[in-house]
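Engineer: Turn this into a model:
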Amino acid sequence: MNVKANQTKKQVNVENQANLLLSTEELRKRMEGVEKELKSYTWRELETNGKFAKNDKLSFITDDMLIVGCDIGSETHYIRAIDIRGRELGKGAFEFSNTAEGFENAKAWMLKHAAQNEKRQIVLGLEPTGHYWFALAAWMISEGISVVQVNPYAVKQSKEIEDNISTRMTERIRN
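Structural biologist: From the prediction side, this is the model:
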């Protein structure tokens, strides 16, 4: 029998037990507390004279924020939650539709993760590609969730850093 497989199963069991420690009632109370404290901030509120001071963008994100990244699609969006250090806080991506009901489901998912991880604010980061993000961003801001736009070029660069290979280098290898 594989020793690594046993270790993985044990780790999953410990994770499940930690989640079960919070009773449903306690989790619901925490979620309500987070929801009451939500306040959406926009970049415009933070800028002065149309510009940011050098570190304002970095100081916007704090330890008590749940950071949620969103992959925008025409009919379906996917979100993932991380903390300030980049550690994933959920089990994979959460899929939801581009409808009011889907937005409600996504908000409930975010509130659950915020409550479980003792976060008091939520910030949603998304790439503003196409027009499909407009409805989601407006709805989230109206619900007290901060929305920030992420430059697609910055996303591409960070993917190259994580993969440790550039797109140009890949093209050279293929040719």
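
Engineer: State the pLDDT value of the residue lying closest to residue 61 once chain neighbours are set aside.
Structural biologist: On the basis of CB to CB, 6 or more residues apart in numbering, the spatially nearest residue to residue 61 that is not a chain neighbour turns out to be residue 84, at 6.2 Å. Glycine gets a C-beta too; all of them are placed from N, C-alpha and C. With respect to pLDDT, residue 84 scores 85.

Engineer: Assign residue 84 to helix, strand or coil.
Structural biologist: Here residue 84 is recorded as coil under DSSP: H, G, I helix; E, B strand; the rest coil.

Engineer: how much space is there between it and residue 66?
Structural biologist: Residue 84 sits 9 Å away from residue 66 when distances are taken as CB to CB, to the nearest Å.

Engineer: Of these two, give the one with the bigger neighbour count.
Structural biologist: Regarding residue 84 and residue 66, a neighbour count based on other CB atoms under 10 Å identifies residue 66 as having more, with 26 against 13.

Engineer: picking up where we left off before, please tell me I have it right and the residue nearest to residue 61 contacts residue 59.
Structural biologist: No - Residue 84 lies out of contact with residue 59 (CB atoms under 8 Å); the separation is 11.7 Å.

Engineer: how about the strands in this protein?
Structural biologist: Shown for the chain, the strands assigned by DSSP state E span residues 65-71, 76-82, 94-97, 121-126, 146-149.

Engineer: give me the low-pLDDT residue ranges for the protein?
Structural biologist: By pLDDT under 70, the weakly predicted segments of the chain are 1-22, 41-58, 162-175.
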